[in-house]
Structures are given as structure tokens and as C-alpha cells.
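A.B. asks: no sequence on this one, just coordinates:
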């Protein structure tokens, strides 16, 4: 099983997907383009809200530390629990048919839009690792547990 360094590497990979120009920070436009790829076009207010939630020092950019803090990852032994609102937003991004479950197909579709090379069987494997009730999907409780234990 991957340890905390694995989740740290995963967070860096995701951060780098957002950071299109590779300058080590996510601009409002970079955030907007990722959100557009993931869902229907976000409103300006929505992008501003997410940006302000993530941008803790208020400099107009999200750096790697802010990104990781927002996603509730445990770094250097500091527990950061993601707020339910942020988790629900993240969950909803993957729950394309809005049925309260993330299926392997939904996970696959979202990762593909993000440019990830990930097969459907990889997605099924990822889901099976967190699917505690064995229904082949990830519900919000399973998602929450996975994100807070990352």
C-alpha cells in the first residue's frame, strides 16, 4: 500500500495538472479551465468562491501548500480535516449523473477529461480500494473517509 509519500506525490501530480504553465502556482484562469473541463462552465462567482477558499494568503494564486491544505492531506504529521462543504463539492464533481454515487465509468470520464491516462479497469481497481459496502461505487461516506485518510 502507498504510504503518505504516495498521497503527497498524487497531490503534486494533480496540482501540476491545474498548473498549466508550470510556474508553481494556480491562477484564477487555470482554475477556471480545469473546472470547465470537469463540469458545465462554472460561473465567475463560482470560480471566485473556490479561488478564495483555496487562496489562504490572498495573493491571487494557489500554491502547492494551499492546494494540499484545501484537499485535507496530512503533511508532516499535521492533520487537516477537509470541511464537509469542500468534500461535497469535490464529490459532486465526480458524481456526473448526480445519483449520490461515483461509478468507475464516472471516475474514468472525469480523469480522461483531466488528461489522465487511466483505463476503466484502473478506475474499477481504485474504486474497489475504498468501496466498503461492495456495491461497486463510492458513496459520499466512503469518499469522505478516503479523502480524510489520504
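C.D. replies: Now that the structure is in, tell me what you want to look at. What you are looking at is a predicted structure, and each value in this text was computed from that prediction instead of being measured.

A.B. asks: Now do the residue nearest the centre of the chain against residue 47, distance only.
C.D. replies: Geometric centre of the chain, nearest residue: residue 90, 5.8 Å, by CA atoms, centre = their mean. As for residue 90, its distance to residue 47 is 15 Å (criterion: CB to CB, to the nearest Å). The C-beta positions use only the backbone N, C-alpha and C, and glycine is treated the same way.

A.B. asks: rewinding a little: for the residue nearest to the centre of the chain, list the residues it contacts.
C.D. replies: By CB atoms under 8 Å, 6 or more residues apart in numbering, residue 90 lies in contact with 71, 143, 147.

A.B. asks: next one: phi and psi at residue 62?
C.D. replies: Reported as degrees, to the nearest 10, the phi and psi values for residue 62 are phi -110, psi 120.

A.B. asks: Can you give me the neighbour number for it?
C.D. replies: Burial of residue 62 is recorded as 26 neighbouring residues (other CB atoms under 10 Å).

A.B. asks: For it, name its beta-bridge partners.
C.D. replies: In this entry, residue 62 is beta-bridged to residue 26, by DSSP bridges.

A.B. asks: Against residue 103, how distant is it?
C.D. replies: From residue 62 over to residue 103 (counting by CB to CB), the distance is 29 Å.

A.B. asks: Now find how far off-centre the lowest-mean-pLDDT helix or strand in the chain is within its chain.
C.D. replies: Of all regular secondary-structure elements in the chain, judged by mean pLDDT, DSSP states H and E, the least confident is helix 4-18 with a mean of 72. Shown here is helix 4-18, whose average C-alpha point lies 10 Å from the average C-alpha point of the whole chain (CA atoms, centre = their mean, to the nearest Å).

A.B. asks: Please spell out which residues along it are buried.
C.D. replies: Of the residues in helix 4-18, those with enough neighbours to count as buried (16 or more other CB atoms under 10 Å) are 7-8, 11, 14-15, 17-18.
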